[in-house]
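Enquirer: Please find the sequence and the predicted model below.
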Amino acid sequence: MVTVSIHNLTFTYPQQSRPVLNTVNASFPAGQFSLITGVSGGGKSTLLKLIAGLLPTDATGITFNDQSLTDIPATQRSKTVAMLFQEPSTQFTMDTVANELQFALENQQVPADEIPARLTAALDFIGIAALRDRKLMHLSGGEQQKVALAIIVAMDSAVILLDEPFASIDPATRLVLLQRLAQLSRERGKTVILADHDLSGYTDYVDRLTVLADGHLTHLSPEATQERLATFAPAQLRLQHVTVPDNDQPALLQGTQLSLSANGRTLVTPQDLGLFAHHTTLITGPNGSGKSTLFRSLVKLGHYQGVITYDGTDIHRLKRRPYARQVALMFQSAATQFLNVTVDEELTLSLKNSYADHFTPAMVTQLLTELNLDDRREQIIYTLSSGQQKKLQLLCMLIMAPDVLLLDEPFKGLDYASLQTAIQILKRVQQDLDITYILVSHQLSGLDTFIDYHLQLADQHLTYQGVRA
Amino acid sequence: MNPSLKLALLVLVALEISFTHVWTVNVALIVVSLILMVWGHVAFKRLAMLTLIPAFFGGALVWSLTLRGTASSHFLLVIFTRMVAYVYMGGWFAQTTNPLTLTRSLEQNAKLPSKFAYGFLAAFNLMPKIQAEVATIKAAALMRGQVLHFWSPQLYFKVILAAMNWSDQLAAAMTSHGFVEDAPRTHATEIPLVTRDWIMLVGSLVLVQVGLFIGLP
């Protein structure tokens, strides 16, 4: 049982004038599940990394049961605190699940004959015994996060830190992970600290909500916590305005006997699928069910069986370059899409290559202001927070103005205010330029008035949801 | 055979044939490596590649030396067979050794500092991710109206950036998983180093010495 206390902690990144954290005082009691929330880029990740001892600092303001992390022998620190990261795929050293768990236990100098039993117990606790000998690189993001939690369970770390662990995880996996975390805090006395800006679905699991704003931390009372969580109640997440498209409406993108598979696993069984122009279609489905694979197929990046036509022509027969101006994909990982160094250079490139002469530099400045990025024009893209990168990526892709814009998790890492602004801008550009949007998003809050069609991927089949128009 | 000793054998023999001029030993090494690779179920396509590439470059070198140089035919034969022998021995090692077993062996048997062993392994496991990243970067750039060729500096800039980012994340994750540089670790999988491994190493080296001694003019 370990209580984490923070006294007068101030942290400023080198080469930045404003501190990210300003005289923070807080305490995270043992056996409690604490949730930290705050705007994207507000310092949640920084705080967690400081607690985990992953940032070089001379600050001694963080203690574990009145003991500083530096007082604990290096090899024993992972027994005190361990962290689960936002990006699932870059937190492993080894090739398979079992080898990674073994690696972590060997690091803790667990006697060799105890390792197999601890490994099996941890996998069973999370319910992923079947993944034991699978290659980590072949697992979906959700499965990788389950493995990462299993490692922490095996290491028996007293304090478990999680940095936006559900950013691209489907609701089912998220639920499993939340249940396990609640179990770890209640039954095993672990101190769980989770940072997330999306508060939906936490009501039954979280003991206390902590708000990080302007570099300061505020603990909310149990009543205030429940009140704040209630604003994210699932009832508001339902899409009430979606309709099923007319059968006689011509489809812009048409799949015929389309089927998808990845790593030898069938994702979508052969089916006909139409995607319609000048509307906004949302595709939802469990993590790893094939939504991103579908997108990659639509832009000729992935393998598929059957035929996909764009405006009546088989996309196999269309050349890559002209097709890229008709159907473009906003990739899930924002950094992938940037080609330059600063925010301004990136926007200039998009303006130069745009397919429409709709956008002017003045409009771009206006949009930057709306997205709270106007004071960051000279900043290096890679020093922006993930939410800020996502907003910039969205802007760059909108300026390109392709006929069809596929958006893969466009709201990942965005706080609620930014999400609202982003949707406003998307709607406006759609009105002006008649762009077709097809998006994949786990984030459903605030989307109700934006979505026309809802396509659900379940049991290897894509079906339009909602009432018939 | 124990991977560390296998590596040691490979390096020692390669060094030796670099400084001696006995083509029969080179040919013997080629034959032995080939037999070991076939025995180790190396795919035929791989074998063909391992043969064609050194044959092409070796052939080109021999041809140019014949046209321009004053080298004897004996020297040309040695040069050619030496090149093929290097590639075959390297091929045998790479195709029949598991990187994880090698890492564990280097750490346990050869006492290599664990930060090198596991740092290398983490990078190795990222290779498929890097390849996929290159394809993705090209497509993502195309969607912003920019064509990236394999000679475009921007492509390399992006790949290096991605790799640097991953290396930071990997380092943090390794720390979080309890890895401490130069700290002792336990080993649930022991890589055996038995007398038989030593006999094979010494025996192979002796055979090569004998071959070189007999073959010397």
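Expert: All right, it came through fine.
Enquirer: from here on, contacts and neighbour counts on C-alpha atoms
Expert: Noted.
Enquirer: How much space separates the residue positioned nearest the centre of chain A from chain B?
Expert: Taking Cα atoms, centre = their mean, the centroid of chain A lies closest to A:Ala167, which sits 2.3 Å from it. Applying Cα to the nearest Cα, to the nearest Å, the value for A:Ala167 to chain B is 16 Å.
Enquirer: Give the residue spans of chain A that score low on pLDDT.
Expert: A:40-41, A:58-60, A:168, A:232-238, A:263-265, A:287-288, A:468-469 (pLDDT under 70).
Enquirer: Which parts of it are helices?
Expert: A:44-52, A:77-80, A:97-107, A:115-126, A:141-155, A:171-188, A:222-230, A:291-298, A:320-326, A:343-353, A:361-370, A:386-400, A:416-433 (DSSP state H).
Enquirer: Pull out the buried positions in the second one.
Expert: Right, helix A:77-80. Within helix A:77-80, the residues scored as buried using 16 or more other Cα atoms under 10 Å in any protein chain shown are A:Arg77, A:Ser78, A:Lys79, A:Thr80.
Enquirer: wouldn't B:Tyr86 be in contact with B:Glu16 here?
Expert: No: using Cα atoms under 8 Å as the test, B:Tyr86 is too far from B:Glu16 to be in contact (11.3 Å).
Enquirer: From the neighbour counts alone, determine which of the two ranks first.
Expert: B:Tyr86 (23 against 15; other Cα atoms under 10 Å in any protein chain shown).
Enquirer: Look up how far chain A lies from that one.
Expert: In terms of Cα to the nearest Cα, B:Tyr86 sits 29 Å off from chain A.
Enquirer: number of nearby residues for A:Lys391?
Expert: With other Cα under 10 Å as criterion, A:Lys391 counts 24.
Enquirer: do the one 5 residues further on as well
Expert: Other residues lying near A:Cys396 total 24 when counted by other Cα under 10 Å.
Enquirer: Please name the residues that touch it.
Expert: By Cα atoms under 8 Å, 6 or more residues apart in numbering or on different chains, the residues touching A:Cys396 are A:Glu346, A:Leu347, A:Ser350, B:Arg144.
Enquirer: And for the second one, nearest residue in space, chain neighbours not counted?
Expert: The reference is to A:Leu347. Distance criterion Cα to Cα, 6 or more residues apart in numbering or on different chains; nearest residue to A:Leu347, sequence neighbours excluded, is A:Cys396 at 6.1 Å.
Enquirer: and if you look at A:Asp344?
Expert: Going by Cα to Cα, 6+ apart, A:Asp344 has A:Arg377 as its nearest residue, at 5.1 Å.
Enquirer: likewise A:Ile423?
Expert: A:Phe450 (7.2 Å).
Enquirer: Run a quick check on the one you found versus A:Lys427, I expect a contact.
Expert: Yes: applying Cα under 8 Å as the test, A:Phe450 and A:Lys427 come out as touching, 7.2 Å apart.
Enquirer: which SSE is B:Leu100 in?
Expert: helix B:99-108 (DSSP states H and E).
Enquirer: Count the residues that sit near the residue nearest to A:Ile423.
Expert: Neighbours of A:Phe450 using other Cα under 10 Å come to 18.
Enquirer: try B:Leu102
Expert: If you count neighbours by other Cα under 10 Å, B:Leu102 ends up with 21.
Enquirer: Same question for the one 10 residues further on.
Expert: Using other Cα under 10 Å, B:Leu112 has 15 neighbouring residues.
Enquirer: pretty sure it contacts B:Tyr118?
Expert: No: here B:Leu112 lies out of contact with B:Tyr118, judged by Cα under 8 Å, at a distance of 10.2 Å.
Enquirer: angle of the helix holding B:Leu100 against helix A:97-107?
Expert: 10 degrees (axes from the mean of the first three to the mean of the last three Cα atoms, to 10 degrees).
Enquirer: which residues touch helix B:99-108?
Expert: Here helix B:99-108 has contacts from A:Met94, B:Asn2, B:Pro3, B:Ser4, B:Leu112, B:Pro113, B:Ser114, B:Ala117, B:Tyr118, B:Leu121, B:Glu190, B:Ile191, using Cα under 8 Å, 6+ apart.
Enquirer: what does stretch A:66-79 give?
Expert: Here stretch A:66-79 makes contact (Cα under 8 Å, 6+ apart) with A:5, A:53, A:60, A:62-63, A:107-108, A:155-158, B:175-180, B:183.
Enquirer: what about it, how long is it end to end?
Expert: Stretch A:66-79 has its terminal residues 16 Å apart, counting by Cα to Cα, to the nearest Å.
Enquirer: Centre of the chain to that stretch, how far?
Expert: The chain centre lies 30 Å from the centre of stretch A:66-79; the measure is Cα atoms, centre = their mean, to the nearest Å.
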